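K.L.:
Return a 3D structure for these sequence lines:
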Amino acid sequence: MITIRKAEERGHFDFDWLNTYHTFSFDQYYDPKHMGFRSLRVINEDIVQPGHGFPTHGHRNMEIVTYILQGALEHRDNMGNGSIIRPGDAQRMSAGTGVRHSESNPSPDTPVHLLQIWILPNEENLRPEYEEKKFSDDEKRNQLRLIVSPDGDDGSVKIHQDTKIYASLLADGQEVVHALENGRSAWLQVAAGSVTLNGVALQQGDGAAVTEQSDLRISAREPAEVLLFDLA
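P.N.:
This is a model prediction of the structure:
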């Protein structure tokens, strides 16, 4: 079964400095029909204007993954980490017992476009952790590149949950195939362009929940960027 979450049906707020779309209930947006999918709790598509950002705030007991589509995002936290992440970078913060951080757009003239992803951990009150790694376009081009996993497999960042995230950059007409193990589900998020998922058309910003299917065929209808979540 494939259940589509259309881009235009997401929660949407435009705060001038922040244009944000919420796939699932988040902050001021609440929809009891869209509270998450399996361990996947949040997918926010954010566009942050130059010189603006999120002031220091706290998180607990959440695996937070940030994936940059365009521009750059500066991160600082109370664990002593400070960095600027760019397209191709995958950043993971395990909030655990509690962490405080800020995120801002350091550019004076270029917006930053990103996906903020929250995944429920398999254990609460873990020691907070931070990790980031870069994945080149070549690694993702016309193939599914593992960027997040529970064991840090194949150089991916490690999270505390039985979830894998793959990223792919697809040329027009190219296809990738992913086999789902029995009992697992998937979520496909279209970050850019348009694709078909087992023949179902999806546009930029669309998401799709997949259950009770073994093979996923993702075909580009135009140049596209996708994230695929393989979920227990």
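K.L.:
What score does the residue nearest to the spatial centre of the chain have for pLDDT?
P.N.:
When CA atoms, centre = their mean is applied to the chain, the residue found nearest the centroid is Ile117 (4.3 Å). Ile117 carries a pLDDT score of 98 in this model.
K.L.:
who touches the closest residue to it other than its chain neighbours in this structure?
P.N.:
Take Ile117 and drop its neighbours on the chain: the residue closest to it by CB to CB, 6 or more residues apart in numbering is Val65, 4.2 Å away. The way it works is simple: take the backbone N, C-alpha and C, and place the C-beta from them, glycine included. Contacts for Val65 (CB atoms under 8 Å, 6 or more residues apart in numbering) come out as 90-92, 116-119, 148, 157, 159, 165.
K.L.:
switch the cut-off to 6 Å
P.N.:
92, 117, 148 (CB atoms under 6 Å, 6 or more residues apart in numbering).
K.L.:
Tell me the bridge partners for it.
P.N.:
Beta-bridge pairing of Val65 under DSSP bridges involves Arg92, Ile117.
K.L.:
Any stretches of the chain with poor pLDDT?
P.N.:
The chain contains no residues with pLDDT under 70.
K.L.:
Enumerate the helices of it by residue range, in sequence order.
P.N.:
137-140 (DSSP state H).
K.L.:
State the distance from the residue nearest to Ile117 to Gly183.
P.N.:
Per CB to CB, to the nearest Å, Val65 is found 23 Å from Gly183.
K.L.:
How about Pro106?
P.N.:
43 Å.
K.L.:
Please identify which of these two sits among more neighbours.
P.N.:
Pro106 (14 against 8; other CB atoms under 10 Å).
K.L.:
Contacts only, for the more buried one.
P.N.:
Counting by CB under 6 Å, 6+ apart, Pro106 has contacts Glu74.
K.L.:
One more pass at 8 Å, please.
P.N.:
72-74, 84 are the contacts of Pro106 under CB under 8 Å, 6+ apart.
K.L.:
same check, this time on Glu132
P.N.:
83, 85, 89-92, 157.
K.L.:
what about 10 Å?
P.N.:
66, 75, 81, 83, 85, 89-93, 157 (CB atoms under 10 Å, 6 or more residues apart in numbering).
K.L.:
Out of those residues, flag the one nearest to Leu216.
P.N.:
Nearest to Leu216 among the contacts of Glu132 is Ala90, at 20.7 Å by CB to CB.
K.L.:
Report how many residues lie close to that closest one.
P.N.:
Around Ala90 there are 22 residues (other CB under 10 Å).
K.L.:
how much space between it and Asp154?
P.N.:
With CB to CB as the criterion, Ala90 and Asp154 are 12 Å apart.
K.L.:
list the residues that contact both of these two?
P.N.:
145, 147.
K.L.:
so the residue nearest to the centre of the chain touches Arg41, yeah?
P.N.:
Yes: at 8.6 Å, Ile117 counts as touching Arg41 under the criterion of CB atoms under 10 Å.
K.L.:
Determine the residues that are contacts of both of those two.
P.N.:
Counting by CB under 10 Å, 6+ apart, the residues touching both Ile117 and Arg41 are 63-64.
K.L.:
coming back round to it: who touches the residue nearest to the centre of the chain in this structure?
P.N.:
Ile117 makes contacts with 23, 40-44, 63-67, 90, 92, 148, 159, 163, 165, 189, 227, 229, as judged by CB under 10 Å, 6+ apart.
K.L.:
repeat for Gly96
P.N.:
59-63, 121, 123-129, 160.
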